[in-house]
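Visitor: here is a sequence with its predicted model. Questions after.
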Amino acid sequence: MRSANAASLLVLASASPRRRDLLERAGLRFEVLPADVCEEIRAGEQPRALVERLAEEKAAAVRSRLPERPRRVVLGSDTVVVLGDEILGKPRDAEEAVAMLRRLTGRTHSVWTGVAVLATDGATASVRSIESRVTLRLASEAELRAYVASGEPLDKAGAYAFQGEGRRFVTRVEGSESNVIGLPLEETLGLLAAAGLVAPGA
């Protein structure tokens, strides 16, 4: 990846293979330093506020581990699934995954992702959040249990993977599809550009 400052580097504050894949497909070079922060929801916290706070906390946690020079830009992100007024996290086990999917199928839910960009030179954080709307078709109990038995849903918010086998349940996406995977690329690239990083060919 080229940048306005040759010393600038991108650091992804996430272990998510989905976010890594999205950045790689965008042609970006980066290193991965996963953040270790508490992701507990605060009382009364709304989805937009939650994902923005956690994205910034993840970026800040990783930035605190890096020296000021060479200048690096840290990218933090957090994604949640929201059904009605309830925020759905990752299922604790297979039975909870089936229960989540049972509630989501045949309905429309929201996917919120917060993105935060922080530079090691002390620049002010830039934070954005994006909402997409996803509709899942009705599915039988046997179909849901077979999907959960594959193991794919067990580490996914909302218990399904849009970029994987879970896509077969999706009938409609309103908004950013990359957001549903875990990182809204258009908005992320805009934040990175504003921080002094530009995509190849720009």
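Guide: Structure received. In this text, all values refer to a predicted model and were calculated from it rather than measured experimentally.
Visitor: residue contacts, the spatially most central residue of the chain?
Guide: Residue closest to the mean C-alpha point of the chain, counted by Cα atoms, centre = their mean, is residue 182 at 3.1 Å. Going by Cβ atoms under 8 Å, 6 or more residues apart in numbering, residue 182 touches 16, 18, 19, 22, 77, 79, 113. (C-beta placed from N, C-alpha, C; glycine too.)
Visitor: just put those in JSON lines and tack on neighbour count and secondary structure.
Guide: As requested, the contacts of residue 182 are exported to JSON lines (neighbours: other Cβ atoms under 10 Å; DSSP: H, G, I helix; E, B strand; the rest coil):
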{"residue": "16", "neighbour count": "18", "secondary structure": "coil"}
{"residue": "18", "neighbour count": "18", "secondary structure": "helix"}
{"residue": "19", "neighbour count": "24", "secondary structure": "helix"}
{"residue": "22", "neighbour count": "21", "secondary structure": "helix"}
{"residue": "77", "neighbour count": "25", "secondary structure": "strand"}
{"residue": "79", "neighbour count": "27", "secondary structure": "strand"}
{"residue": "113", "neighbour count": "29", "secondary structure": "strand"}
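Visitor: as JSON lines, these with distance to residue 126 would be great.
Guide: What follows is these, written out as JSON lines (distance: Cβ to Cβ, whole Å):
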{"residue": "16", "distance to residue 126": "20"}
{"residue": "18", "distance to residue 126": "22"}
{"residue": "19", "distance to residue 126": "17"}
{"residue": "22", "distance to residue 126": "18"}
{"residue": "77", "distance to residue 126": "13"}
{"residue": "79", "distance to residue 126": "18"}
{"residue": "113", "distance to residue 126": "15"}
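Visitor: tell me the bridge partners for residue 117.
Guide: Listed beta-bridge partners, residue 117: residue 75, residue 126 (assigned using DSSP bridges).
Visitor: relative to residue 73, how far out is it?
Guide: As for residue 117, its distance to residue 73 is 6 Å (criterion: Cβ to Cβ, to the nearest Å).
Visitor: which one's more surrounded, those two?
Guide: For the pair residue 117 and residue 73, the greater number of neighbours falls to residue 117 (28 against 25), based on other Cβ atoms under 10 Å.
Visitor: what's near enough to touch that one?
Guide: Residue 117 makes contacts with 59, 73, 74, 75, 76, 125, 126, 127, 191, 192, 194, 195, as judged by Cβ under 8 Å, 6+ apart.
Visitor: now do the strands in the protein.
Guide: Under the criterion DSSP state E, the chain contains strands at 9-12, 31-32, 72-83, 86-88, 108-119, 126-136, 170-174.
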